[in-house]
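# here's a sequence, model it:
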Amino acid sequence: MTVTETSPETAPETTAQDAARALFAELTDRTPDGIWSAPGRVNLIGEHTDYNEGFVLPFAIPHRTVAAVGLRDDARVRVASTFSDETVEVGLDELDGLFPTLRQAQGPSGENPAVPEWAAYPLGVAWALRLAAPEGAFRGVDIAIASDVPVGAGLSSSAAIEGATATALNDLWHTGLDRTALARVGRRAENEAVGAPTGIMDQMASMLGETDAAIFLDCRSLEAQLVTVGVAEAGLAILVMDTRVKHAHSTGGYGERRASCELGAEIMGVPSLRDVSTSDLPRAEELMDDVTFRRVRHIVTENQRVLDTVRVLREQGARAIGELLVASHASMRDDFEISVPELDTAVEAALAAGALGARMTGGGFGGAAIALIEQDATAAVSEAVTAAFADAGFTAPHLFTVVPSAGAHRDA
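Numbering: from 1, shown residues only. Below is the predicted model of the structure:
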C-alpha cells in the first residue's frame, strides 16, 4: 500500500462531475472509462430504527457524490478525492489484510488505521464487492471522487461514496449485482471496513431513490415500496438546516445507542426491537432501567410513526404529516438523547416561523434538521432560523431546499 500527496485545484463553481473528471486526469493523465454517481439522502422519518430491523422512510436528494473510474492493467486500486490531499493505493490482494476493521488496527486499541477513513469507504466497497461476487472480472482501477453532499451533516455522504463506487465497480467488474445487493455491499463496507455500526437505510435510499418518492423500507425483509411525497404539488418545500455541527457514526454515541437497543431486545426476549409494539411498553418499563427503557420507547414509537406517516401521505398528503415530524424530534431529543442545542434551535425556530413540521434527521449528535414549509415561506423561515442561531451564538447554519431525487446511476 502506498499513500502519496496530491493537491487538486477546482474553482468554486465547478460541479462535482467536473471536479471528479479533473482529478482523474490529474491522477492518471487520461480520461476515465466512465462516470458514476450516487446521492445523499434525507430521512423523512424513522431514525435509528434501521439497525433494529424496523421501518424507515428516506428519500434521495439532488446532492451527489461522483466517481470517475478507469480500469488499470495491473491488480491495484488507487483512490483519490477532492476532500483530501492524499492518494491511497493498495493491491487487490491486500484488501483482505486491511479489512475488516479488527485487522485494520496497527495498535492494540485500534489507533493508527492502515488507511485514512475517507479511503476506507471506496476501498471497503471494493473488498466487500469481491466477497459478494467472487466470479467477477476483477482488475485494478483508479477512482477519483468528488461530491457536493455536505459531509458530517447527517445526509449520508458516506452512503453516497459507497453507492457511486459500488455502481462503478459493479459495471466495470461485471459482477451483475442488483441494487439491493449493492446496498448490502455498501453497508458491509461501512460496518466492517470503516467500523461504523449503521443499518442499511442510507445505502438503500442512495441506491433506490426515485423522483418525487420516498422509500418505505422494511429493514428486516428489505422489501421497499415507493411512496409519493407530493411536496411540490401541495405547494410545500423541504428545508434542510445543516447546523454545521459535525457528527461521526464511528464514534461512541451511536454505538452506545445501538448497544442499549440490543440490551432492550434481550430483556424483552425478542430478536430485535422490531418485535416490540407500543402495547408492550408498560411491561418494558417494569423490566428495564430508565435509560434503557427510554431508548426502547423511542424505537418502538418511531416505528409506529413511520407506519403512520406512510398511511397519512397516501390518504391525506404531505400537509398532514407535520405533527408526526414534531413528535419524532421530541422522541429523539428526550428519549434517545441524540439531539444537540443547535438542532433543537433549528427545529424550534422553524416551527415558530410557521413550518408545518420539523425534526432532526440522520444519526444525531450534530448534523441537520428538516422543516416542512410553505414554498413561498422559504426565505422567511430561513431568515428566522439564521437569526435564532445568531442570537444563540452558534455558527451560521447552511440552509437549502431538497426534493426527492434519483438514486445511483452511470452518468457518462
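# can you give me the buried ones in stretch 219-237?
C219, A224, L226, V227, V229, G230, V231, A234, L236, A237 (16 or more other Cβ atoms under 10 Å). (Each C-beta comes from the backbone N, C-alpha and C, glycine too.)
# which of those sits closest to F293?
C219 (22.2 Å; Cβ to Cβ).
# the closest one reaches V56, doesn't it?
Yes - counting by Cβ atoms under 8 Å, C219 touches V56, with 6.3 Å between them.
# joint contacts of these two?
T49, D50, M201 (Cβ atoms under 8 Å, 6 or more residues apart in numbering).
# which ones among these map onto helices?
M201 (DSSP state H).
# would you list the shared contacts of C219 and V56 in CSV and tack on neighbour count, pLDDT and distance to L131?
Putting these into CSV (neighbours: other Cβ atoms under 10 Å; pLDDT from 0 to 100; distance: Cβ to Cβ, whole Å) gives the following:
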residue, neighbour count, pLDDT, distance to L131
T49, 28, 96, 27
D50, 23, 92, 22
M201, 28, 92, 22
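# looking at the shared contacts of C219 and V56, which is nearest A38?
M201 (14.3 Å).
# can you check the pLDDT for the residue lying closest to F216 once chain neighbours are set aside?
Excluding its sequence neighbours, the residue lying closest to F216 (Cβ to Cβ, 6 or more residues apart in numbering) is Q225, at 4.5 Å. Looking at Q225, its pLDDT reads 97.
# what residues of stretch 132-139 count as buried?
So stretch 132-139, judged by 16+ other Cβ under 10 Å, has buried residues A132, A133, G136, F138.
# how many neighbouring residues does the closest residue to G152 other than its chain neighbours have?
Spatially, and ignoring its direct neighbours in sequence, G152 is nearest to K246 (3.5 Å; Cβ to Cβ, 6+ apart). Using other Cβ atoms under 10 Å, K246 has 13 other residues around it.
# ok, K246 - contacts?
By Cβ under 8 Å, 6+ apart, the residues touching K246 are V151, G152, G366, G367.
# quick one: least confident of the residues you listed?
G152 (75).
# is it true that that residue touches G367?
Yes - taking contacts as Cβ under 8 Å, G152 lies within contact range of G367: 6.9 Å.
# which residues of the stretch 301-412 of the chain fall in strands?
Secondary structure of the stretch 301-412 of the chain (DSSP state E, counting those that start in this stretch): strands located at 357-361, 368-374, 398-402, 409-410.
# so what's the spatially most central residue of the chain closest to, chain neighbours aside?
In the chain, the residue lying closest to the centroid (Cα atoms, centre = their mean) is S156, at 2.4 Å. Among residues not flanking S156 along the chain, D202 sits closest, at 4.0 Å (Cβ to Cβ, 6+ apart).
# and if you look at E89?
Nearest non-adjacent residue to E89 (Cβ to Cβ, 6+ apart): R78, at 4.2 Å.
# sec struct for that neighbour, please.
Assigned state for R78: strand (three-state reduction, DSSP: H, G, I helix; E, B strand; the rest coil).
# ok, it - contacts?
L27, R72, T87, V88, E89, G140, V141, D142, I143.
# who wins on neighbours among those residues?
Neighbour max across the contacts of R78 (other Cβ under 10 Å) = I143, 30 neighbours.
# enumerate the positions of the top strand by length along the chain that are buried.
Counting by DSSP state E, the longest strand found in the chain is strand 55-71. By 16+ other Cβ under 10 Å, the buried positions in strand 55-71 come out as 55-70.
# try stretch 194-210
In stretch 194-210, counting by 16+ other Cβ under 10 Å, buried: 194-209.
# can you give me the first-to-last residue distance of that stretch?
End-to-end distance for stretch 194-210: 28 Å, by Cα to Cα, to the nearest Å.
# where does the stretch 151-300 of the chain have low pLDDT?
247-252 (pLDDT under 70).
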